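*Asks:* Here is the input, now give the coordinates:
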Amino acid sequence: MKCCLCKKDCGKYGNNPAPVNCNPKARCCDNCNCKIVLPYRIKMTQSQKKEIKKVLNEVLNDKD
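*Replies:* Presented below is the predicted three-dimensional model:
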C-alpha cells in the first residue's frame, strides 16, 4: 500500500490521513502521519478553540 502523501510504502495498514486527505480509502505512512497529519490536526484543534472562545465572548458580552 502506498502513502497518499509521499507515495512511499506505508506498510500493511498505514494511518488515516484525514483531514489532510479525506478520501476514505487513503492511507499515509508513519512518517507523514507524524510530520504532516498530526501537526495539522493539532493546529486545527487550537484554531477551533480560539473560534469557540471568540463566539462565546461575543454572546456573553452582547447586552441587547
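*Asks:* Assign a three-state SS to K12, would you?
*Replies:* coil (DSSP: H, G, I helix; E, B strand; the rest coil).
*Asks:* my guess is it meets R27, correct?
*Replies:* No: with contact defined as C-beta atoms under 8 Å, K12 does not count as touching R27 (9.8 Å). C-beta here means a position set from N, CA and C on the backbone, and glycine is covered the same way.
*Asks:* what are the ranges of the helices in this structure?
*Replies:* 30-32, 38-61 (DSSP state H).
*Asks:* so of the ones you listed, which one's packed in deepest?
*Replies:* Neighbour counts (mean count of other C-beta atoms under 10 Å) averaged over each of the helices of the chain peak at helix 30-32, with a mean of 16.
*Asks:* Distance check, the residue nearest the centre of the chain against K12.
*Replies:* Most central in the chain under C-alpha atoms, centre = their mean is R41, positioned 3.0 Å from the mean C-alpha point. Distance of R41 to K12, given as C-beta to C-beta, to the nearest Å: 23 Å.
*Asks:* ditto for D30
*Replies:* Taken as C-beta to C-beta, the span from D30 to K12 is 12 Å.
*Asks:* Check I52 too.
*Replies:* Distance from I52 to K12, by C-beta to C-beta: 38 Å.
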